[in-house]
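Trainee: No letters, just coordinates:
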Ligand SMILES: [Zn+2]
């Protein structure tokens, strides 16, 4: 009786896992802006809609928009200069750059479809416009790289895989493996965004070396013991600096 039961569960489990893989294959697309093949499940229109829907909530979580119009105008100016001088201009995305009032959490992030944010806590630590361009260029990189789209698609894939593996009592293993995968992919997103950010900075006439200054600011903000929010989702600034130097050499030679 138990053996028969196991066979049925095994068949169901294998069928679910096979379904997850077949669906994933059909979702593979080459990103027209990065040239990288990725599994995505949302159209640009859906990405834009999700970003616009989520933006007010994200803004609220960070104390609303910063009241200083001059600071906001500077953020707009630098962000738009990056977009207008790069491939970002040729995408269907609608870019908006928001300065958040939050003066405690050093952070910047992007929602799918083009909504980009920087907290005042980070903005106030930046030493020049080139560094601001570095932060915003990195966020535009997340949008072009379709990173949210890819993560949403990945997590759906792992949910189905865990369900399939659960039928054959391997659910916990699949869950742990999936979580590790998602974290590792998150770090790759950061490195790709750094590289794209450098590319946009050079195209728009900003000094890409200042991106290293941004990394120093993030490192100092972390202090010896404290981990800021930016770093829990972003790789170690030291590793990033090495990759940033590589990207500067690569794109300087090309331009
Ligand atoms: Zn990032």
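Mentor: The structure has been received and is ready for your questions. None of the values given here were measured: they were computed from a predicted structure.

Trainee: what about the residue nearest to residue 198 when sequence neighbours are not counted, how many neighbours?
Mentor: For residue 198, the nearest residue in space outside its immediate sequence neighbours is residue 247; the separation is 4.2 Å by Cβ to Cβ, 6 or more residues apart in numbering. C-beta coordinates here come from the backbone N, C-alpha and C atoms, glycine included. Other residues near residue 247 come to 21 when the count uses other Cβ atoms under 10 Å.

Trainee: buried residues in stretch 175-182?
Mentor: Neighbour-count burial for stretch 175-182, counted by 16 or more other Cβ atoms under 10 Å, picks out 175, 178.

Trainee: got it, and stretch 156-171?
Mentor: Neighbour-count burial for stretch 156-171, counted by 16+ other Cβ under 10 Å, picks out 156-158, 160-168, 170-171.

Trainee: And stretch 45-54, by the same measure?
Mentor: 47-48, 50-52.

Trainee: Equivalent analysis for stretch 9-19, please.
Mentor: Counting neighbours by 16+ other Cβ under 10 Å, one finds that the buried residues in stretch 9-19 are 13, 16-17.

Trainee: From those, which land in helices?
Mentor: Among those, the residues falling in helices (DSSP state H) are 13, 16-17.

Trainee: Nearest to residue 185 among the buried residues of stretch 45-54?
Mentor: Distance from residue 185 was checked for each of those by Cβ to Cβ. The minimum falls on residue 47, at 17.5 Å.

Trainee: Mind telling me what element residue 83 is part of?
Mentor: Using DSSP states H and E, the secondary-structure element containing residue 83 is helix 69-84.

Trainee: Not counting that helix itself, show me its contacts.
Mentor: Contacts to helix 69-84, defined as Cβ atoms under 8 Å, 6 or more residues apart in numbering, come from residues 65-66, 88-89, 95, 97-99, 116, 118, 120, 123, 129, 132-133, 136-137, 140, 200-201, 203-204, 206.

Trainee: and the host helix or strand of residue 250, average pLDDT?
Mentor: When elements are defined using DSSP H and E, residue 250 is found to belong to helix 237-254. For helix 237-254, the per-residue pLDDT values average out at 88.

Trainee: Say whether the ion is contacted by it.
Mentor: No. Contact of helix 237-254 with the ion is not found when judged by Cβ under 5 Å from the ion; the minimum separation is 9.9 Å.

Trainee: which secondary structure elements does that helix contact?
Mentor: Secondary-structure packing of helix 237-254 (3 or more Cβ pairs under 8 Å, 6 or more residues apart in numbering; DSSP states H and E): helix 171-203, helix 210-222.

Trainee: still on that earlier bit, show me the subset of the buried residues of stretch 9-19 that also lies near the ion.
Mentor: Checking those against the ion by Cβ under 5 Å from the ion, not one of them is in range.

Trainee: Tabulate these (TSV), appending distance to residue 210 and pLDDT.
Mentor: Listed next are these as TSV, based on distance: Cβ to Cβ, whole Å; pLDDT from 0 to 100:
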residue	distance to residue 210	pLDDT
13	52	91
16	49	92
17	47	91
